[in-house]
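J.: Okay, sequence plus prediction incoming.
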Amino acid sequence: MKKLWGGRFTKTAEEWVDEFGASIPFDQELVEEDIEGSIAHVTMLGKCGILPSEDVEKIKNGLYTLLEKAKQGKLEFSVAYEDIHLNIEKMLIDEIGSVGGKLHTGRSRNDQVATDMHLYLRKRVTEIIALIRQLQKALVEKAEGHVETIVPGYTHLQRAQPISFAHHLLAYFWMLERDRERFRESLKRINKSPLGAGALAGTTFPIDRHMTAELLGFDGIYENSIDAVSDRDFIIEFLSNSAMLMMHLSRFCEELILWSSQEFQFIEIDDAFATGSSIMPQKKNPDMAELIRGKTGRVYGNLFGLLTVMKGTPLAYNKDMQEDKEGMFDTVKTVIGSLKIFAGMIETMKVNVDVMEKATKQDFSNATELADYLANKGVPFREAHEIVGKLVLACIEKGVFLADLPLDVYKEASPFFEEDIYEALKPYTAVNRRNSAGGTGFSEVRKALEKAKEIVNTP
Ligand code: ARG
C-alpha cells in the first residue's frame, strides 16, 4: 500500500516487512495523547498565521471527531500506516479531505512521538502517585490497630529483637514515601514539551513552542531541539523509579508469603487475594503476593531493556527508539495493578496477634535486654555480651529460655543481676523501652504514626 511518506519510493515493502516495522499494534495506546497533541499543534499553527483559520477549524473538528471515536474504541488501526501518528493522519484525511494533510506542517513524527509519551507518562505517573498514597493509607490504618502488637524482629531471618508490628508496617510506609517523592520529582522532567523540535533541527515556520507547551499543560519546553527528540531519560527514569518501587513491594510480598506460611502463621491473607490448588484441597496459596514478587522481574527487565536500547544510539532520533514503548506500557500496567492489589491485601489481611506474641516468648530475642541491663550497671558492653552469650548457651543446653533460669544462675554469671531482670526480659518491656528517636518503643511508634497520618492527609 502507498505510504504517506511514499514520494521517493518506487516500490512498496511486503506486508510482513511492514508488520515488522510497525508500532501500531502497541502505540495505539497513545491515541488520545496523539490527538490532543495535534489539536494543540494546529491551534498554534492558526494563531501564528501559518495556516488559515478555516483550515484550522476543519482540522480541529476532524480531530475532535476522531478523539470522540477513540474514546469509544471505534477507531480501526492498520499496520499499513505503521504507527499511531500516520494512522491518525490518514483517518483525518479520510474524515475531512486533503486539508487534513496540512496538520503536519512544521512538525515531525519525532517531536510528535516524544510529545505523546510525555503526555502519557504525566497522566500515568500522577495516577501512580495517588495509588502509592492509597497503599500508604492502608498501611497507616493497619498500623494504628497494632502499636502494641509485639512480633519478633529479624536480622538474617533469625529472631533478633521484639518489635511493635506497627513499627514494622511503618517501615514500608517510609519506603513508599521515598518512592512517591521520586515519582513526584520526576514529573518536573516529564512535564517538558519537545513539540516544535521538528525532526531534530527545529523548523523554518514561525511556530510558537511556548504556546503549544502551555496548551498542553507543560511547564516549559526542551531547550535544545536535538535533545528534545532524542531524549528518553524521562522514560528510563520512570522505569527506574518503578523498579525501585517494585523492589519494595516484592520484599513486602516475601514477608507476607513467609508470614502466611504454616511455619509462621503470623497473618492470614484474605480469601479474595489467595487461590487454591487444583489437586491439594487443603491449600490456600498467597498467589497475588507471589505474582507481584514475580512481576518485579519484568519491570527490571524493562529498565535494562531500554537502557540497552539507548546506549548505542547516535543523536538524534533512531528507529531503535520505537522499542521504548512496550516496556513502558507494560510497566505502567504492572505497577498500577500491583499497587491496587497490595492495598487490598493489606486492608483485608488478618493479623494473628496471639501467634505473634507467643513467638516472642519462645526465643532469645530478649537477650539484648540482659546485656543492656548489665551495661547500665557499669559492666562494659562487650563483657556483658559475653556473659549473656554464655547464659543463652546454658539455656540451649537445658532446653529452656532466659526467663526460665532461676536468679541464682544469674547471680553466678554476674553479681549485678537482681530480681528485676525478669521484668526486663518481658518482650513488652523490651519494646516499650526502645524509645530512641525512630525506635520501636510504643511512644515513638505513636509519634511516627501521627507523622504518617499527617503525611497521608496532606494532599
Ligand atoms: N513509531 C515511531 C516511534 O515509535 C514514531 C517516530 C517515527 N519517526 C521516524 N522518523 N521514523 O518511535
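T.: Received it, and whenever you're ready, just let me know what you need.
J.: Could I get the contacting residues of Lys340?
T.: Listed by CB atoms under 8 Å, 6 or more residues apart in numbering, the contact set of Lys340 reads Leu131, Gln134. Yep, even glycine has a C-beta here, placed from its N, CA and C like the rest.
J.: what helix or strand is it on?
T.: Secondary-structure assignment from DSSP states H and E places Lys340 in helix 325-348.
J.: Past that helix, which element shows up next along the chain?
T.: Immediately after helix 325-348, counting by DSSP H and E, sits strand 350-351.
J.: for that following strand, the distance to its chain's centre please.
T.: When C-alpha coordinates are averaged (CA atoms, centre = their mean, to the nearest Å), strand 350-351 and its chain have centres 25 Å apart.
J.: just stretch 393-403 next, same as before
T.: That offset, for stretch 393-403, works out to 45 Å (CA atoms, centre = their mean).
J.: residues making contact with it?
T.: By CB under 8 Å, 6+ apart, stretch 393-403 touches 361-364, 366-367, 370, 391-392, 404-405, 409, 422, 425-426.
J.: Mind doing that once more with 10 Å?
T.: 361-367, 369-370, 388, 391-392, 404-405, 409-410, 413, 421-422, 424-427 (CB atoms under 10 Å, 6 or more residues apart in numbering).
J.: Got a quick PyMOL command for the buried subset of those?
T.: Per 16 or more other CB atoms under 10 Å, the buried members of the contacts of stretch 393-403 correspond to this PyMOL selection:
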select buried, resi 361+363+364+365+366+367+369+370+388+391+405+410+413+421+424+425+426+427
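J.: Give me every residue in the protein lying close to the ligand.
T.: Ser23, Asp27, Asp83, Arg109, Asn110, Val113, Tyr317, Lys319, Met321, Gln322 (CB under 6 Å from any ligand atom).
J.: among these, which two are most distant?
T.: In those, the most distant members under the criterion CB to CB are Asp27 and Tyr317, with 14.7 Å between them.
J.: who's more crowded, these two?
T.: Asp27 (24 against 20; other CB atoms under 10 Å).
J.: Tell me the confidence at the more buried one?
T.: Looking at Asp27, its pLDDT reads 98.
J.: Quick check, it in contact with Glu323.
T.: No. Between Asp27 and Glu323 there is no contact, the gap being 11.3 Å when judged by CB atoms under 10 Å.
J.: all strands of the stretch 51-200 of the chain, in order?
T.: Remark: strands assigned in the stretch 51-200 of the chain by DSSP state E, counting those that start in this stretch are 150-155, 158-164, 192-193.
J.: Just name the most buried of those.
T.: strand 192-193 (a mean of 22; mean count of other CB atoms under 10 Å).
J.: Report how many residues lie close to Glu423.
T.: Glu423 has 10 nearby residues by other CB under 10 Å.
J.: cool, Val431 as well?
T.: Neighbour count of Val431, defined by other CB under 10 Å: 27.
J.: Reformat the strands of the stretch 51-200 of the chain as a markdown table; add distance to Glu36 and mean pLDDT.
T.: Below are the strands of the stretch 51-200 of the chain laid out as a markdown table (distance: least, CB to CB, whole Å; pLDDT from 0 to 100):
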| stretch | distance to Glu36 | mean pLDDT |
| --- | --- | --- |
| strand 150-155 | 50 | 96 |
| strand 158-164 | 49 | 94 |
| strand 192-193 | 12 | 98 |
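J.: what about these, which gets the closest to Val42?
T.: Per CB to CB, nearest to Val42 of these: strand 192-193, 15.4 Å.
J.: And the next helix or strand past the closest one?
T.: Proceeding N to C from strand 192-193, the next assigned helix or strand is helix 209-215, under DSSP H and E.
J.: returning to what we had before: among the residues of the chain next to the ligand, filter down to the buried ones and hand me the ChimeraX syntax, if you would.
T.: Burial among the residues of the chain next to the ligand is assessed by 16+ other CB under 10 Å; the matching ChimeraX selection reads:
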select :23,27,83,109,110,113,317,321,322
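J.: between the residues of the chain next to the ligand, which is closest to Ile267?
T.: The closest of these, once distances to Ile267 are taken by CB to CB, is Asp27, at 42.1 Å.
J.: Phi and psi next, for the closest residue to the ligand within the stretch 151-300 of the chain.
T.: Nearest residue of the stretch 151-300 of the chain to the ligand: Ala199, at 6.9 Å (CB to the nearest ligand atom). Per-residue torsions, Ala199: phi -70, psi -40 (degrees, to the nearest 10).
J.: Hmm, it is touching Arg107, no?
T.: Yes. Counting by CB under 10 Å, Ala199 does reach Arg107; the two are 9.1 Å apart.
J.: Between these two, point out the one with more neighbours.
T.: A count of neighbours by other CB under 10 Å puts Arg107 above the other of Ala199 and Arg107, at 26 against 16.
J.: Roughly how far does the more buried one sit from Ile84?
T.: 14 Å (CB to CB, to the nearest Å).
J.: can you check Leu139 too?
T.: Counting by CB to CB, the gap from Leu139 to Ile84 is 39 Å.
J.: before we move on, what about Val113?
T.: Val113 is 8 Å from Ile84, by CB to CB.
J.: Kindly point out which residues are neighbours of both of those two.
T.: Ser23, Asp27, Leu30, Glu33, Asp34, Lys325.
J.: How about the contacts made by the residue of the stretch 351-459 of the chain found nearest the ligand?
T.: Closest residue of the stretch 351-459 of the chain to the ligand, CB to the nearest ligand atom: Pro459 (35.3 Å). Residues in contact with Pro459 (CB under 10 Å, 6+ apart) are Arg133.
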